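> coords please:
(one chain, ligands or ions: 1)
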Amino acid sequence: MQQVDLTQPIDPAKVMTELVTNLLAPIHLGGLFVKHLQEQSVAALVNVSSGLAFTPLASVPVYCATKAAMHSFSVSQRHQLRDTSVRVFEIIPPAVGTNLGHQDNYDNSKDQLMPMDDFINAVIDALQTDTYEAAIGAAEYLRQQRDAVFSQINP
Ligand SMILES: NC(=O)c1ccc[n+]([C@@H]2O[C@H](COP(=O)([O-])OP(=O)(O)OC[C@H]3O[C@@H](n4cnc5c(N)ncnc54)[C@H](OP(=O)(O)O)[C@@H]3O)[C@@H](O)[C@H]2O)c1
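As a prediction, this is how the structure comes out:
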């Protein structure tokens, strides 16, 4: 989740690292498993995007673009696999208290970060209820109210 100043020339190598980690890797991983998964009676691919796929945080533009792409890819992957045993989930997290390094984006206020236990419980619930596009906590707000939220998170 790299800060990228778009008013300055960018470092393509830095951008590529983020593209490969966030987008190419999950696409590749799905491809490596998909034949095996289709041989199972029930199977699932679980992709992780972000609430920022829907409303970008402008200071981390490449990260947000990869997550928007991950959302789009998940829709297509789910459609292509619709007649197989493989379910395709997209988990759409809010800001969760992990090591992602985004605390600075939240004024160091842990109050704005969803506790890990609550997040995990919500994800398990989504998997158990076949909620294929699961916007967790505040991510639903980022998904539904894009214009209003954009100005809030990008002052
Ligand atoms: N935390 C949030 O608020 C939040 C919000 C929305 C979406 N997400 C998404 O949730 C997912 C998990 O993030 P997190 O919050 O758990 O972050 P995290 O605590 O920083 O964990 C990231 C994980 O990715 C691994 N990783 C990073 N770069 C890698 C690479 N090049 N090759 C292989 N593994 C690599 C790290 O491995 P090492 O431990 O070996 O370094 C680590 O296990 C990410 O897709 C993130 O975008 C998180």
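> burial of residue 75, as a residue count?
13 (other Cβ atoms under 10 Å). All C-beta atoms are positioned from the backbone trio N, CA, C, and that covers glycine.
> so who does it touch?
Contact analysis of residue 75 by Cβ atoms under 8 Å, 6 or more residues apart in numbering lists residue 90.
> Quick check: the gap between it and residue 133.
8 Å (Cβ to Cβ, to the nearest Å).
> Common neighbours of the two, please.
Common neighbours of residue 75 and residue 133 (Cβ under 8 Å, 6+ apart) are residue 90.
> Show the contacting residues for the residue nearest the centre of the chain.
Nearest residue to the geometric centre of the chain (Cα atoms, centre = their mean): residue 49, 1.1 Å. Listed by Cβ under 8 Å, 6+ apart, the contact set of residue 49 reads 67, 68, 70, 71, 74, 90, 91, 92.
> Strands of the protein, start to end?
43-48, 86-92, 133-135 (DSSP state E).
> and the ones you listed as TSV, adding mean pLDDT?
Listed next are the strands of the chain as TSV, based on pLDDT from 0 to 100:
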stretch	mean pLDDT
strand 43-48	98
strand 86-92	98
strand 133-135	98
